[in-house]
Each structure stands twice: as C-alpha cells, then as structure tokens.
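Student: Quick one, what's the 3D model for this:
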Amino acid sequence: EMVKQPEVKLALDDLDINPDDHRYLAELLDPDNGGTISVVDFVNGIRRLRGDPRRSDIVHINMMVKAMQLAVSETQTALLQMRFQIEDIHSAIYPLDSMNSGQGGHE
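Tutor: The predicted structure is shown next:
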C-alpha cells in the first residue's frame with residue numbers, strides 16, 4: 001500500500017491526482033488486472049487521472065460504453081442463434097426426444 005506513504009501522497013498531489021483516487025490507484029493503473037503495473041501503464045494511467053475530467057473525456061467514455069453495449073447485444077444475439085442451431089441439431093439427431101420429451105433419455 002504505497003499510496004499510504006506520505007512521500008507517495010505528496011508526489012500524487014504534485015501530479016494533480018485527485019486524493020479520492022489514491023486508494024483505487026492500483027486498480028486504475030493495472031488495465032489487465034494482472035497484479036503488476038508496467039512503467040508504460042503507470043505513465044499512461046497517471047496522464048489520464050491528472051486534473052478534472054474534461055468534456056472530451058466524458059464523451060470518450062460514453063462512446064466506449066455504447067460500443068460495449070453493442071458488443072454485448074451482438075454476443076447475446078449470436079448465443080441465441082447458436083442455441084437454436086444446437087436445438088435443431090439435437091432434434092435431427094434424436095427425433096424421438098423432441099416428440100416424446102420426458103419419456104426417457106438417449107440410449
């Protein structure tokens with residue numbers, strides 16, 4: 001917990017990092033949640049955290065969220081299509097199961 005050390009707090013303050021972000025710094029600077037922070041990740045993360053958010057930051061995040069929502073929606077659609085395809089294949093392989101559902105299993 002380096003961020004609890006006075007020297008580190010002072011350095012973060014000098015870098016204009018919001019004190020409310022200090023306790024979440026490891027999570028914010030470790031983009032792949034691998035437990036380590038490379039120098040490049042550290043520098044890029046500190047750049048993003050400096051100062052107050054600008055309108056462009058908010059617009060960028062909004063666009064990222066919309067892209068993620070679209071990706072999730074497309075994934076849901078693809079999974080539903082796969083489910084129907086699997087059910088069709090299952091019905092073709094085991095036609096009696098679909099006609100006699102609940103009357104025994106595959107042999």
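Student: contacts and neighbour counts: CA atoms only from here.
Tutor: OK.
Student: Which SSE is immediately downstream of the helix or strand harbouring Glu27?
Tutor: According to DSSP states H and E, Glu27 maps onto helix 25-29. For helix 25-29, the following helix or strand on the C-terminal side (DSSP H and E) is helix 39-49.
Student: for the helix holding Glu27, packing partners?
Tutor: Helix 25-29 sits against helix 39-49, with contacts defined as 3 or more CA pairs under 8 Å, 6 or more residues apart in numbering; DSSP states H and E.
Student: which is the next helix or strand following the helix it packs on?
Tutor: helix 55-93.
Student: on that earlier part again, and the helix holding Glu27, what's buried?
Tutor: Neighbour-count burial for helix 25-29, counted by 16 or more other CA atoms under 10 Å, picks out 25-26, 28-29.
Student: Turn these into CSV, columns for pLDDT and distance to His60.
Tutor: What follows is the buried residues of helix 25-29, written out as CSV (pLDDT from 0 to 100; distance: CA to CA, whole Å):
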residue, pLDDT, distance to His60
Leu25, 82, 21
Ala26, 79, 22
Leu28, 78, 17
Leu29, 81, 18
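Student: Low-confidence bits of the protein, can you list those?
Tutor: Within the chain, the ranges that satisfy pLDDT under 70 run 1, 97-107.
Student: got the contact list for the closest residue to Asp30 other than its chain neighbours?
Tutor: Setting aside the residues directly before and after it, Asp30 is nearest to Ile37 in space (CA to CA, 6 or more residues apart in numbering), at 5.4 Å. Going by CA atoms under 8 Å, 6 or more residues apart in numbering, Ile37 touches 26, 29-30.
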